[in-house]
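In: Turn this into a structure:
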Amino acid sequence: MPCSPPRSRRQRRSAVAATGCWLLTLCGVALADDGHVTPPTSATSPEPDMTVLPEVRVQATRQRPAVQAETLRSTTTIGEAVLRQRQPDSVFEVLDEVPGVAVQGGPRSSGMSFNIRGYTDGEDVRIELDGVGKGFEKYRFGGTFIEPELLKSIEVRRGAQIESPAGALGGTVSAQTRDAADLLRPGQQWGARARIGHASNNDETQTFVAAYGRPTEKTDLVVARSRRESNDIRRPDGQRLELSDTDAGSSLLKGSWWLTDQWKASLSWVRYQDQGLQPYDTTGGDPGGFGKVQRRIDDDTLSLQTKWEDEATGRSWQATVGRSQTHVRDHMEQGWGFSSAGAAVDDDVAHRQTTVDTRATLPLIGNPQRDAPLVDDTWRLSLHMGLQGNHAERQYRRVTGNAAINAIRYPGGYNAEQPPGTQEKVGGYLQLDARVGGWQALPGVRWDRFTTRVIGDNATRLIKAGESDEMTIQRASPSFTLSHTWSPQGWTVFGTMARAFRPPLIDEAFANSTTGGNPTCSSAQLTRNWTVAGYPRYVQVLPASGMCSQFYEPEVSRSVQAGLHTRQRNLLGPSSLLDAKLTAFDDRTRQLLESLMVVPGGSKAMSQPGTEHRWGLEIEGSLQWRDWQARFSGHRIRGRTFDGQHERKLLTVPANRLQLSLGWRQTWGEVGMRWQQVWAREYFQTTAQTSTARQPSHRLLGAWAQWRINDRFTLDLAAENLANETYHLDNGFASQGVEGAGRNLRVAMSARY
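Out: Predicted structure coming up:
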């Protein structure tokens, strides 16, 4: 029986080196020291009917670190190992592994949002699931719906980067769902997994079932379902936190095809559902302070991703086409708290996004991917390019139990304070990658165009006033990165300068301030209550339409980063590896949208003098030594802001933090401990932001353990806040948030076939 090499590059990678050597030995060939296969040597000529096999390379894949930091960019990827160790009930629970990142809002996951270097608004941080942009905009609501049990990785890109569309001044959080290849055991064609878990703090029950396999040599299929049910969260003092229970489920259907050895396509559909009695304000420090609602959340994401890569030439191309839809329905009964004229209120909010994203790498001189580790005088030059488009729709309908209120404020269900509309985004970028010796330069430029349009009654009001019902903003954003690597010493020093911008959202630009919907666009706010001799106290500057869309300029950001990265092998012995990175950043944002005001003096000219300045240090890394693995991360961030009249501290920046974890891995499983120190932070005591106080520092202790009972059953344990420490979350308004959860012990049993 003839012996032939594996037919696909994916098959070759999945084979371990020992198996490859065994197969090659059966074929009568020898494995050279450099990993290449060579025909057997003989003193005589080969027989005429002997077939000489082509040269093939046998590789064994190395397990990726649980948390991996890129060398030049402020990008950190949280791997599946961390998701398994932590057993999180939301994607927010693992973000303390990433420096510069914190959680804003809470305590429910629907009320939480990402805080990256002090950028806390949903519009400042882009969310992606399988490459498809997601986003949900609703008053006092978080709006990130991703089930961690369905994920294999979470990538966090801090700061504006050339690949990310404009608007994400804080960064991008990109999650990827599992493939069957992530679940199948070696040599397995079909498989299934079931998992049931319990959390002691809120009596949560979590179940997960999945069936997966490779129907053919070139296809991959996975079907999975996860569900969570819990009671209210228990605080360290033993009291329950009202309206913090959970009843949510999520599903995944995903298929992949290898059209060729180099070309793969994946189609995925993810659904998230949540329902129950919840606080209207999910982001603040007092659950239920604005009333409670009966809420239903339906979130769907459909994604088609394809990637082609030719390792021999360094050429690559990938594309994503997808659609995300989020639908939230709230019902507030009379007497449940905040409502219009004491009547019942029904809100119906829907967001839809269509994403098109394509990018490619074209080598011009040499192959940077293959030749990058070499340090010589050979030039290597390639071009990275991308084209992106996004169409976003927002619908909002409010109906109350008071007919008079409906007729005056919400005619036909139209809410002028949070109007419906659309936003079209088109962008592209070009970036050169030039390398010679240990030097690398990445000059690039990005261009984006935003067209935001309001529809309905507000559009009619604008047109009657002779104003436009849409606004278009376009900008070019240059960037430049320079680095130098010393090899084989394993040190890299780098620096980056980049610019970015963010246009106003539909609410910011087109909310009708005459109904109180946009406090930024009101005569009192625009004049800042100043008095000018010869003019009345309130100069009438508000447009006839009651909307300030014609005056806004986009926020503009400039970011400077510099750092040092090292990768030291065999530092503590033959099987050790240290990977560490230190980054310093300085971000300045000007033309803050909320600082729109009239220039004093009576000219009625408008300006946006507001600024924000953030600066800090971030450290992250890992150390592997024999069976031991350690991870560490931390940051120290400061900030100042100017609103056009006064300068003060920027209190939305995350509190200084340091996290250390240590794990010990054996054939039967692993155990580990995690320690986190969060230093005191300053927060506003009042909504008027006139006085501040200090939130005490705290330490959180966690642990995890895994016991692989046999090939089919695994027992996982995880603990959070083992010392039952009292601490507070950060809410969405730079004030003191709700009290964090007390001690929580999680146990889960998994079975696989």
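In: in the stretch 601-750 of the chain, which spans are strands?
Out: All strands of the stretch 601-750 of the chain, identified by DSSP state E, counting those that start in this stretch, fall at 606-607, 611-625, 628-642, 647-649, 657-666, 669-678, 681-684, 692-695, 698-708, 713-720, 728-730, 736-739, 744-752.
In: swap that for the stretch 1-150 of the chain, sorry
Out: Using DSSP E, counting those that start in this stretch, strands in the stretch 1-150 of the chain cover 30-31, 37-38, 67-69, 75-79, 101-105, 112-116, 125-129, 132-134.
In: so what does the fifth one touch, helix or strand wise?
Out: Contact partners of strand 101-105 among helices and strands, from 3 or more Cβ pairs under 8 Å, 6 or more residues apart in numbering; DSSP states H and E: strand 112-116, strand 728-730. Backbone N, C-alpha and C define where each C-beta goes, glycine included.
In: Count the neighbours of residue 436 for me.
Out: Other residues lying near residue 436 total 16 when counted by other Cβ atoms under 10 Å.
In: What sits closest to it if chain neighbours are left out?
Out: Excluding the flanking residues, the one nearest residue 436 by Cβ to Cβ, 6 or more residues apart in numbering is residue 379, at 5.1 Å.
In: now the stretch 601-750 of the chain, which segments are flagged as low pLDDT?
Out: Along the stretch 601-750 of the chain, segments meeting pLDDT under 70 span 602, 687-688, 732-733.
In: how about a cut-off of 50?
Out: Applying pLDDT under 50 to the stretch 601-750 of the chain flags no residue at all.
In: now the chain
Out: 1-48, 50-62, 374.
In: Who is the residue nearest the centre of it paired with across the strands?
Out: Computing the C-alpha centroid of the chain and ranking residues by Cα atoms, centre = their mean puts residue 173 first, at 1.2 Å. Residue 173 has these beta-bridge partners by DSSP bridges: residue 127, residue 156.
In: Residue 299 now?
Out: With DSSP bridges as the rule, residue 299 is bridged to residue 272, residue 326.
In: who's in contact with it?
Out: 145, 271-273, 324-327 (Cβ atoms under 8 Å, 6 or more residues apart in numbering).
In: can I assume residue 421 is in contact with residue 452?
Out: Yes - between residue 421 and residue 452 there is a contact under Cβ atoms under 8 Å: 6.7 Å.
In: shared neighbours of those two, which are they?
Out: 506, 510.
In: just to revisit the earlier point, next, count neighbours for the residue nearest to residue 436.
Out: By other Cβ under 10 Å, neighbour count at residue 379 equals 13.
In: list the contacts for it?
Out: 365-366, 434-436.
In: repeat for residue 195
Out: By Cβ under 8 Å, 6+ apart, the neighbours of residue 195 are 149, 206-209, 748-751.
In: Dump those into CSV; add neighbour count and distance to residue 347 as well.
Out: Formatted as CSV, those follow (neighbours: other Cβ atoms under 10 Å; distance: Cβ to Cβ, whole Å):
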residue, neighbour count, distance to residue 347
149, 23, 29
206, 22, 29
207, 16, 31
208, 20, 32
209, 15, 34
748, 20, 36
749, 14, 40
750, 19, 40
751, 14, 42
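In: nearest to residue 493, of the residues you listed?
Out: residue 149 (39.7 Å; Cβ to Cβ).
In: Surely that closest one and residue 209 touch.
Out: No - Residue 149 is beyond contact range of residue 209, at 10.4 Å (criterion: Cβ under 8 Å).
In: Identify the contacts common to these two.
Out: Here residue 149 and residue 209 share the contacting residues 195, 224, scored by Cβ under 8 Å, 6+ apart.
In: So what's the residue count around residue 626?
Out: Neighbours of residue 626 using other Cβ under 10 Å come to 12.
In: mind listing what the closest residue to it other than its chain neighbours touches?
Out: Spatially, and ignoring its direct neighbours in sequence, residue 626 is nearest to residue 575 (5.4 Å; Cβ to Cβ, 6+ apart). The contact partners of residue 575, taken as Cβ under 8 Å, 6+ apart, are 624-626.
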